[in-house]
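In: Give me coordinates for this.
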Amino acid sequence: MRSTTYIIIAAISILALLAACGRGKRDYSSWQQLPADGWAYNDTISLLPVDTTLTDNDSILNGSTLHVALRHSNAYPYSNIWLELTYHGDGPYLLRDTINMPLADLYGRWLGSGFGAGYQHELIVNPDTRIDLTRPVALRHIMRVDTLRGVEQIGILVEKN
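Out: Got it, this is the predicted structure:
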C-alpha cells in the first residue's frame with residue numbers, strides 16, 4: 001500500500017514537471033547586456049528579434065504584441081525610465097514609440113519580478129503590431145542624464161496573437 005502511494009506521488013510530480021516545461025508565451029525575444037559603467041545617452045541598442053539564418057522564421061508577424069523588457073539592479077537611481085523604440089512595420093516606414101516604464105511605486109518599492117538585487121520589468125508597447133522580425137529594433141534611453149547607471153539588460157519580446 002505504501003509503495004503504491006509513493007508511485008502515485010512520483011507520477012504526479014513527473015507530470016507536473018513536464019507540464020511546467022512547455023513552451024512559454026514568448027515566440028521571439030532578444031536581450032543585450034549593457035556596459036557595467038552605464039548606458040550612455042547616445043548608445044542605441046540594436047536588437048534583432050529572430051535569427052535570420054534560420055529558414056523557418058516568420059518574416060512579418062501580423063497582429064503580434066511587442067513588449068520591451070528591462071533588468072536593473074538596486075543601484076538604479078530613478079523610479080522610471082523613458083525609452084525611445086524604433087522598429088520596422090510591413091511598409092517602408094519606421095515606427096517610433098516613446099515609452100515611460102514605471103519601475104517603482106510611490107514609496108520607492110521596486111515593481112516587476114525578481115528578488116535580491118535584480119528586477120525585471122516588462123511593458124506592452126503596441127498590441128496588434130505588424131512588425132518585420134528580420135530587421136533590427138532600436139532602443140535608447142531618453143533620460144536627462146548622460147550615462148544611466150543600474151540598468152543591466154534591455155530586451156524585446158514578441159508574442160504572436
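In: For this structure, which segments are assigned as strands?
Out: Remark: strands assigned in the chain by DSSP state E are 28-33, 39-40, 45-47, 60-73, 80-88, 94-102, 118-132, 137-141, 147-148, 151-160.
In: which ones are touching the most centrally placed residue in the chain?
Out: Centroid check for the chain by CA atoms, centre = their mean gives A69 as the closest residue, at 3.0 Å. By CB atoms under 8 Å, 6 or more residues apart in numbering, the contact list for A69 reads 29, 31, 120-123, 154-157. In short, each C-beta sits where N, CA and C put it, glycine included.
In: roughly how far apart are it and E159?
Out: 12 Å (CB to CB, to the nearest Å).
In: So the residue nearest to the centre of the chain versus K160, what's the distance?
Out: 17 Å.
In: Poorly predicted segments of the protein, please.
Out: 1-2, 6, 10-11, 13, 15-26, 50-63 (pLDDT under 70).
In: Pretty sure Y87 sits against L48.
Out: No - counting by CB atoms under 8 Å, Y87 does not reach L48; the two are 10.9 Å apart.
In: Residues that sit against both of these two, list them.
Out: Counting by CB under 8 Å, 6+ apart, the residues touching both Y87 and L48 are 135, 137.
In: Specify which residue of those two has the higher count of neighbours.
Out: The neighbour count for Y87 versus L48, taken as other CB atoms under 10 Å, is higher for Y87 (24 against 14).
In: ok, now which ones touch that one?
Out: Neighbouring residues of Y87 by CB under 8 Å, 6+ apart: 66, 94-95, 131-132, 135, 137-138.
In: Look up how far L148 lies from the closest residue in space to L94 that isn't next to it in sequence.
Out: Here the nearest residue to L94 in space, its sequence neighbours aside, is T86; by CB to CB, 6 or more residues apart in numbering that works out to 5.6 Å. Counting by CB to CB, the gap from T86 to L148 is 18 Å.
In: And H141, by the same measure?
Out: Where L148 is concerned, H141 sits at a distance of 5 Å (CB to CB).
In: I'd guessed V151 sits against A40; true?
Out: No - using CB under 8 Å, V151 is not in contact with A40, being 11.3 Å away.
In: Those two: which is more packed in?
Out: V151 (20 against 15).
In: Identify the bridge partners of that one.
Out: H72 (DSSP bridges).
In: one step back: now the common contact residues for H141 and L148.
Out: Listed as contacting both H141 and L148 by CB under 8 Å, 6+ apart are 39, 41, 81.
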